[in-house]
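1. The following comprises the amino acid sequence and a computationally predicted model.
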Amino acid sequence: MPFHLRFDSEDRPHCRFALSPLWELQEAVRTLGTPYRHGAHLPWLRRLRDGAAGLDLRPLRLLTPERGRGPDFLCPPPGGPATTIEDELDRVRGTAPERVRAELLRALAATPGAADTRHGRALLADPARAAADLAALLELAWKVLIAPHWPRLRALLEADIAFHAGRLADGGPERLFAELHPRLSWSETTLTVRSRHGGPPEHTLDGDELLLMPSAFVRPDVVCDVGPSWPATVAYPARGAAGLWSEPDGATPDALATLLGRGRATVLTALAEPATTTGLAQRLGLAPSSVSAHLSALRDAGLLTSNRYGHQVLYERTPLGIALASEAA
């Protein structure tokens, strides 16, 4: 069922982009147990098979009900794009025991019998210890599931934020939400969200901000949250997430390599989606300095454009660059 986020008609919507390492981790844990999400992440799943087998994720899964709300303290809202996993885990550990118990009770009640399981009883018996133990489990899961891939994931998320922040600045909410996700639509002062996840039929922001978070793991979903501990939030699949785990296959067209040189041709071919220098370097396995030099040369030749959004510079093929890469493929 669709639900509606309504903004003050007199003001332009106040939207803020952020990324959350802890959100990505918990969505990764959810992805492990959600077969319909596996397709785009099969290379990642294969790489972590042995390490994940040694993780006991049952306490986290117990607190992730199919219907109902998990504990908010396990994933505090991010302060901005620079939020670190250490910052977020410290906030989990510092949660007041009475809040921990109340949110554990709510989450466990959403799954019949969950509170009476061994893990459920242990969590409720000592809320302060539960927060510490859950933070320790999240930290271990981070090291196994996400940390080895975080530079690549972060580059993807930051590039998405730069891209969509530019769309919002240039064309307002109409342009932003027309491109953000097919299940989002904007009309006058209302954002309509069609999601498989439950939500209220309507929520009015009354001048409050809307938090927008790209995610590599929510794909193909879009998630809207209007809970008591979070600002109104929409988490959506980051641009390029479908190809996140693909590795360079050496398939740079020979004709293009002859024309531009192998390195520049590889960079131009890889820019099917706008990306940053860091993101391309991570994906292609090249030094950032080399990628930067190739990007500058391609831009000077009129094959790329570059746009700065905050501290990010996003590179995108021009029509000439698109035509050249397509003809050579």
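-> Yep, that arrived. Values in this document were obtained by computation on a predicted structure and should not be read as measured data.
2. C-alpha from now on. contacts and neighbour counts both.
-> OK.
3. can you list contacts of stretch 148-160?
-> Identification of contacts with stretch 148-160 by C-alpha atoms under 8 Å, 6 or more residues apart in numbering yields 19, 81, 214-216, 238-241, 244, 274-276, 278-279, 282-283, 312, 314.
4. One more pass at 6 Å, please.
-> Judged by C-alpha atoms under 6 Å, 6 or more residues apart in numbering, the contacts made with stretch 148-160 from elsewhere in the structure are 238-239, 275, 279, 282.
5. Then stretch 30-44?
-> For stretch 30-44, with C-alpha under 6 Å, 6+ apart as the criterion, the contacting residues are residue 242.
6. helix/strand/coil for the residue sitting furthest away from the middle of the chain?
-> Ranked by distance from the centre of the chain (C-alpha atoms, centre = their mean), the top residue is residue 258, with 37.4 Å. With DSSP: H, G, I helix; E, B strand; the rest coil as the basis, the three-state label of residue 258 is helix.
7. For the most centrally placed residue in the chain, name its beta-bridge partners.
-> The centre of the chain sits closest to residue 215, judged by C-alpha atoms, centre = their mean, with a distance of 1.4 Å. Applying DSSP bridges to residue 215 yields these beta-bridge partners: residue 237.
8. Also residue 210?
-> Applying DSSP bridges, one finds that residue 210 bridges with residue 15, residue 232.
9. need the contact list for it.
-> With contacts defined as C-alpha under 6 Å, 6+ apart, residue 210 is in contact with 15, 232-233.
10. Next, format these as JSON lines and append distance to residue 318, pLDDT and neighbour count.
-> As requested, those are arranged in JSON lines below (distance: C-alpha to C-alpha, whole Å; pLDDT from 0 to 100; neighbours: other C-alpha atoms under 10 Å):
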{"residue": "15", "distance to residue 318": "28", "pLDDT": "87", "neighbour count": "15"}
{"residue": "232", "distance to residue 318": "36", "pLDDT": "88", "neighbour count": "20"}
{"residue": "233", "distance to residue 318": "33", "pLDDT": "90", "neighbour count": "20"}
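11. Please identify which of those residues is nearest to residue 205.
-> Taking C-alpha to C-alpha as the measure, residue 205 sits nearest to residue 232 out of these, at 7.6 Å.
12. Please tell me how far that closest one sits from residue 22.
-> In this structure, residue 232 and residue 22 are 18 Å apart, going by C-alpha to C-alpha, to the nearest Å.
13. And residue 161, how close does it get to residue 180?
-> Between residue 161 and residue 180 the distance, using C-alpha to C-alpha, works out to 11 Å.
14. where along the protein do the helices fall?
-> Counting by DSSP state H, the chain has helices at residues 21-32, 42-47, 49-53, 58-62, 85-93, 97-109, 118-125, 127-141, 150-180, 254-260, 262-270, 277-284, 288-300, 319-328.
15. can you redo those helices as JSON lines with distance to residue 203 and mean pLDDT?
-> Below are the helices of the chain laid out as JSON lines (distance: least, C-alpha to C-alpha, whole Å; pLDDT from 0 to 100):
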{"stretch": "helix 21-32", "distance to residue 203": "23", "mean pLDDT": "92"}
{"stretch": "helix 42-47", "distance to residue 203": "37", "mean pLDDT": "87"}
{"stretch": "helix 49-53", "distance to residue 203": "39", "mean pLDDT": "80"}
{"stretch": "helix 58-62", "distance to residue 203": "29", "mean pLDDT": "91"}
{"stretch": "helix 85-93", "distance to residue 203": "27", "mean pLDDT": "95"}
{"stretch": "helix 97-109", "distance to residue 203": "22", "mean pLDDT": "95"}
{"stretch": "helix 118-125", "distance to residue 203": "32", "mean pLDDT": "93"}
{"stretch": "helix 127-141", "distance to residue 203": "31", "mean pLDDT": "96"}
{"stretch": "helix 150-180", "distance to residue 203": "17", "mean pLDDT": "86"}
{"stretch": "helix 254-260", "distance to residue 203": "52", "mean pLDDT": "84"}
{"stretch": "helix 262-270", "distance to residue 203": "41", "mean pLDDT": "88"}
{"stretch": "helix 277-284", "distance to residue 203": "36", "mean pLDDT": "85"}
{"stretch": "helix 288-300", "distance to residue 203": "44", "mean pLDDT": "91"}
{"stretch": "helix 319-328", "distance to residue 203": "41", "mean pLDDT": "78"}
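16. Tell me which of the ones you listed sits nearest to residue 5.
-> If you check each of the helices of the chain against residue 5 by C-alpha to C-alpha, helix 150-180 wins as the nearest, at 12.6 Å.
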